[in-house]
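Undergrad: sequence isn't available, so here's the structure alone:
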Ligand code: AMP
Ligand code: ZN
């Protein structure tokens, strides 16, 4: 697909309007996404933010843009509240676990990258790590220190009254907003924030560096201003993050960018935010204690791509409620799609990439219109269903259409098999080959009209947590119950 399809229109949080995407550099799209703070596992709510950023990236590629996507790894500077309160998340995790902050960062970065791969999120052009950019952060801070900052005993602070329209992105800055507790003595304005935090006298931190403002660590917001500029340029196309970032982190990044560039330009043309994954208790968050990781879903026998599908079934700007029912419904839908795609593959003798059937062309246009309309993935999925359901059209052309669409949705429909999505719950006590064997024996018993023997096999499997699903329309003959 090229730019001659529907114009790509995206919701810009800055203007609160849908705008046409116009790249700064002809034919290119440069995107920066705020990445994880690697002091703990990412929960599935966090992963929604990367599924969204990946969908944006895939749509930009579909529209023919040459994509450069950067995601950062925050391994220093993020305090336990988003403003300037509380200890550094990494240092806190280190003192609680007895491990070094560096080891903690390495471990959780590895787990995060594993989850990214399991969700079929395309890796960015570069993972940029905050601690590898501290010198550049100090250099950046030096350029804004005189005109825009002031020093207190605790560090160097940004004076938010020195930039035009501070907080325009957030609009309503509420007193009760997350992290809006002013605990720093001497700040000129409540919204002022740390650029550099000095290590308090007599203390040492595991992660600290020398700077013109004393030994210490950079403020969290600084890294994203510095790394986005370094890898994407003074002005780039799109900046993404979860909707919580619209309130503090991104307004602060914008303020730094404006100060550094001596201009009202925010750095990115479009700022985009995904809404929260919520559950009955509200926003899923790490500080709330219990949270779900991707591994929890896998342990329950749910394939990771069922979670990706669950996210795509909602628009990224809507809240998405997590429930096991929703997730299992998405898993069933994924199974249906995988089975349909597998049947297509089985029927194709000579693969093709030429799609000249008018109905398929029409459906590709509908798909393009859906994703170009501020990434309307729920609608795009119904187009995919429609393609899979066109039973009378040549399977080779249909498979080619599915492949094109799936390059955007990322559900691996061209390669996944029924066996792949049959994820074994971690509590399962039986092995799959044995189940298949028992089922053969049961079929044989039924064939011989030996129903007591057939029932005995069913009961034995049930006692091992295996449910037999006779007559299942998806021919999903059995299922292992997670407990
Ligand atoms: P963090 O590791 O806390 O810096 O968060 C990583 C990303 O997840 C950020 O873009 C957050 O805005 C986003 N995020 C945090 N909680 C949720 C949630 N419940 N639903 C969706 N996105 C979230
Ligand atoms: Zn950021």
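TA: Structure received. Source: prediction; values computed, not measured. Residues are numbered from 1 along each chain as shown. Ligands and ions are numbered 1, 2, ... in the order given.
Undergrad: near ligand 2, which residues of the stretch 201-350 of the chain?
TA: For the stretch 201-350 of the chain, the contact set with ligand 2 under Cβ under 5 Å from the ion comprises residue 224. (Glycine included, C-beta is placed from N, CA and C.)
Undergrad: in the stretch 201-350 of the chain, what residue comes closest to ligand 1?
TA: residue 242 (2.0 Å; Cβ to the nearest ligand atom).
Undergrad: thought residue 283 was touching that residue, still the case?
TA: No. Look at residue 242 against residue 283 with Cβ atoms under 8 Å: they stay out of range, at 9.5 Å.
Undergrad: between the two, tell me which one has more neighbours.
TA: Set residue 242 next to residue 283 and count neighbours by other Cβ atoms under 10 Å: residue 242 wins out with 21 against 16.
Undergrad: what's the burial count for the closest residue to residue 323 other than its chain neighbours?
TA: Of all residues not flanking residue 323 in the chain, residue 279 sits nearest, at 7.2 Å (Cβ to Cβ, 6 or more residues apart in numbering). Using other Cβ under 10 Å, residue 279 has 18 neighbouring residues.
Undergrad: how about the strands of the stretch 51-200 of the chain, start to end?
TA: With strands called from DSSP state E, counting those that start in this stretch, the stretch 51-200 of the chain shows them at 66-73, 126-129, 149-152, 155-158, 193-198.
Undergrad: make TSV out of the ones you listed and add distance to residue 414.
TA: Shown next, in TSV, are the strands of the stretch 51-200 of the chain (distance: least, Cβ to Cβ, whole Å):
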stretch	distance to residue 414
strand 66-73	21
strand 126-129	27
strand 149-152	53
strand 155-158	49
strand 193-198	47
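Undergrad: how close does the residue nearest the centre of the chain get to ligand 2?
TA: Centroid-nearest residue in the chain, with Cα atoms, centre = their mean: residue 50, separated by 1.6 Å. Residue 50 sits at a distance of 13 Å from ligand 2 (criterion: Cβ to the ion, to the nearest Å).
Undergrad: state the pLDDT value of that residue.
TA: At residue 50, the predicted lDDT confidence score is 98.
Undergrad: repeat that for the one 3 residues further on.
TA: Residue 53 is assigned 98 on the pLDDT scale.
Undergrad: so which bits of stretch 188-207 are buried?
TA: For stretch 188-207, burial by neighbour count (16 or more other Cβ atoms under 10 Å) applies to 191-199, 205-207.
Undergrad: please apply the same query to stretch 64-76.
TA: So for stretch 64-76, counting by 16+ other Cβ under 10 Å, buried means 65, 67-76.
Undergrad: ok, of the residues you listed, which one's closest to ligand 2?
TA: Of all these, ligand 2 sits closest to residue 72, with 6.4 Å by Cβ to the ion.
Undergrad: ok, back up a step: beta partners of the residue nearest to residue 323?
TA: residue 282 (DSSP bridges).
Undergrad: wait, it touches residue 324, no?
TA: No. Using Cβ under 8 Å, residue 279 is not in contact with residue 324; the gap is 10.2 Å.
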